[in-house]
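Student: just to be clear, the model below is a prediction. Sequence and coordinates:
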Amino acid sequence: MADLRDLYQELILEHSKAPRNYRELNRPDHKAEGYNPLCGDRFTVYVNMDGDSIRDVSFQGSGCAISKASASMMTQSLKGKTKAEADALFNDFHQVVTGRASNNGDHPDLGKLAVFSGVSEFPARVKCATLAWHTLQAALEGKQEASSE
Amino acid sequence: MTTAAKSPLSQPPALHEVVSHFDVESVRADFPILQLRAHGHPLVYLDNAATAQKPRAVIDAIVRYYETENANIHRGVHYLSERATEEYETARKVVQQFLHAARPSEIIFVRSATEAINLVAQTYGRVHVGANDEVLITAMEHHSNIVPWQLLCEERQARLKVAPINDRGELILEEFERLLGSRTRIVAVAHVSNALGTINPLQSIITMAHARNVPVLVDGAQAAPRMPVNVSDLDCDFYAFSGHKTYGPTGIGVLYGRQSLLEAMPPYQGGGDMISSVTFEKTIFNKVPHKFEAGTPDMSGAVGLRAAVEYLNRVGMKNIAAYEHELLAYATEAVSAIPGVRIIGTAKNKTGVLSFVMAGVHPHDIGTILDQEGIAIRTGHHCAQPVMERLGVDATARASFALYNTKQEIDSLVRGIQKVREVFS
């Protein structure tokens, strides 16, 4: 049986209550809105680039604890990364939250993001954990909107 | 305009006398799925506004149909086809009496309440709604009673008007009456709001609309399982409900339509069964209700729905309404006493649905934590985004009750919500 404490880890609860980089960027280089029509979660992700690297990334919006904490921790982990590095990190993150990684050690680069591995026991919540990431990808690819449906 | 037909079938069968007071434990024994456990706990199913569970009588009727009665209807000369036709047409009569409609031909079997509304929009609506005309709905409608009218209005260059609600989630009748204008061609309104549980004052709505010769469609998806419905007393022109929310199978729904309106309406879909003769030059359409039932219908669905309606007749819709009222009152008191919880939808006249939000906790997280306790609720916008926006919430958690729920289950819900508070403390 899945344990709620695996899903709602202290770090996740803490980020959901006090999300980091929760602000609008002035004249962002990239911006997209992400929406999960199933539960109504809605976030805007803002990105400023420095050449090929992400100089600043932030978000605003409303959603559940999992989607908000995921957005918050995503912004922390992306500064200074290139788009290719960000894509690779999302790929690793996606594997972990969908339970396709055999253990967290498979993705040592995830760092604190490994705290989301408990999501894999709750398939209905995978889209919550990935919404901000899909939105980031849409922003970097110049799309206005993303959906985790 | 007509009075209810009084035939022997409209009298509840003998068991009604036996179950003179409501015995929830004997009702629960009729629903096999309630024996399930979820995540190691007894299943507490509080998502009845989404779909209701099925009594053994419904499941058995469908099995019996396929084992002993199945054939295509209205065309075979053989034994089985005659039996299947009789079963299907008997189901129509049972539904007629359930709604207290004047004639069986006023009952059209469709796929769902959604399809019933689309049928009216695409037939009656396309004939009667033209450029600059108006369709009037309310701010608490389910998407299925918004989008079909939006599509119609877009096609006909008509306008969709929305009567507002107050902060308790009640229709503001004076505003509704003010919006009923010389261009209003049809009113479409929920009997009971799926997101809030508000019971609309249909009598007043229909009287106001009829005074201006405007017909009224009632979306009864949430009302039909919860209270006696009498379309003759209401004097509504169309009434839609769904089989699966009324303890019947999925895939079948009902449209009641006033005979004179149905006869004047063009067909909805073309195909077999809805015609009386076809040549490549001209097709003569069948009589109502068959004109609106193109193709092979959901015969086993009709048989299952009949079994569901007969089950509800045996328990008694008045008993069900009274019991669910008691459950809602108990749940409202218990849930609103939890610190940080706010009930969304506090209409004086409401039934069956308890929507709520918690300070600092998103409904989706409430849903996950309750699920781990075996408690099934719905979270989100409940296919009624405009009403969520009106009441200033992105989403709610919604517990919705049925005749088989108990006060003990509501106690479990309350303990579950307290657990949510612990996790997020």
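Tutor: Received the coordinates, thanks.

Student: for B:Gly248, grab phi and psi.
Tutor: The main-chain torsion angles of B:Gly248 are listed as degrees, to the nearest 10 and equal phi -100, psi -170.

Student: need the contact list for the residue nearest to B:Ile252 when sequence neighbours are not counted.
Tutor: Across the structure, with C-beta to C-beta, 6 or more residues apart in numbering or on different chains as the measure, the residue nearest B:Ile252 apart from its sequence neighbours is B:Gly301 (3.3 Å). Backbone N, C-alpha and C define where each C-beta goes, glycine included. B:Gly301 makes contacts with B:Phe109, B:Gly243, B:Gly248, B:Pro249, B:Thr250, B:Gly251, B:Ile252, as judged by C-beta atoms under 8 Å, 6 or more residues apart in numbering or on different chains.

Student: including pLDDT, could these go into CSV?
Tutor: Below are the contacts of B:Gly301 laid out as CSV (pLDDT from 0 to 100):
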residue, pLDDT
B:Phe109, 98
B:Gly243, 98
B:Gly248, 98
B:Pro249, 98
B:Thr250, 98
B:Gly251, 97
B:Ile252, 98
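
Student: point out where chain B drops to low pLDDT.
Tutor: Within chain B, the set of residues satisfying pLDDT under 70 comprises B:1-21.

Student: chain A now?
Tutor: For chain A (pLDDT under 70), the answer is A:1-2, A:102-106, A:147-149.

Student: could you pull out the helices for it?
Tutor: Applying DSSP state H to chain A gives helices spanning A:4-7, A:10-17, A:65-78, A:83-97, A:126-140.

Student: dump those to JSON lines, plus distance to B:Glu389.
Tutor: Listed next are these as JSON lines, based on distance: least, C-beta to C-beta, whole Å:
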{"stretch": "helix A:4-7", "distance to B:Glu389": "29"}
{"stretch": "helix A:10-17", "distance to B:Glu389": "23"}
{"stretch": "helix A:65-78", "distance to B:Glu389": "20"}
{"stretch": "helix A:83-97", "distance to B:Glu389": "30"}
{"stretch": "helix A:126-140", "distance to B:Glu389": "20"}
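
Student: got a markdown table for those, with mean neighbour count and distance to chain B too?
Tutor: Formatted as a markdown table, the entries for the helices of chain A read as follows, by neighbours: other C-beta atoms under 10 Å in any protein chain shown; distance: least, C-beta to the nearest C-beta, whole Å:
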| stretch | mean neighbour count | distance to chain B |
| --- | --- | --- |
| helix A:4-7 | 17 | 5 |
| helix A:10-17 | 17 | 7 |
| helix A:65-78 | 25 | 5 |
| helix A:83-97 | 18 | 14 |
| helix A:126-140 | 25 | 7 |
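
Student: ok, B:Leu160 touching B:Ile137?
Tutor: Yes: here B:Leu160 reaches B:Ile137: they are 6.8 Å apart, a contact under C-beta atoms under 8 Å.

Student: how far does stretch B:217-230 sit from the chain's center?
Tutor: Here the centre of stretch B:217-230 is set off from its chain's centre by 6 Å, with C-alpha atoms, centre = their mean, to the nearest Å.

Student: I meant to write stretch A:129-147 there.
Tutor: Centre-to-centre, stretch A:129-147 and its host chain are 10 Å apart (C-alpha atoms, centre = their mean).

Student: over to stretch B:163-179?
Tutor: 22 Å.

Student: likewise for stretch A:83-100?
Tutor: Here the centre of mass of C-alpha atoms in stretch A:83-100, compared against the chain's by C-alpha atoms, centre = their mean, lies 10 Å away.

Student: contacting residues around that stretch?
Tutor: A:52, A:54, A:77-78, A:81, A:101, A:104, A:106-107, A:109-110, A:113-114, A:116-117, A:119-121, A:126, A:129-130, A:133, A:136-137, A:140.

Student: so what's the residue of the stretch 101-250 of chain B found nearest chain A closest to, chain neighbours aside?
Tutor: Ranking the residues of the stretch 101-250 of chain B by distance to chain A (C-beta to the nearest C-beta) places B:His143 first, at 11.2 Å. By the measure of C-beta to C-beta, 6+ apart, the closest residue to B:His143 outside its immediate chain neighbours is B:Cys383, 4.5 Å from it.
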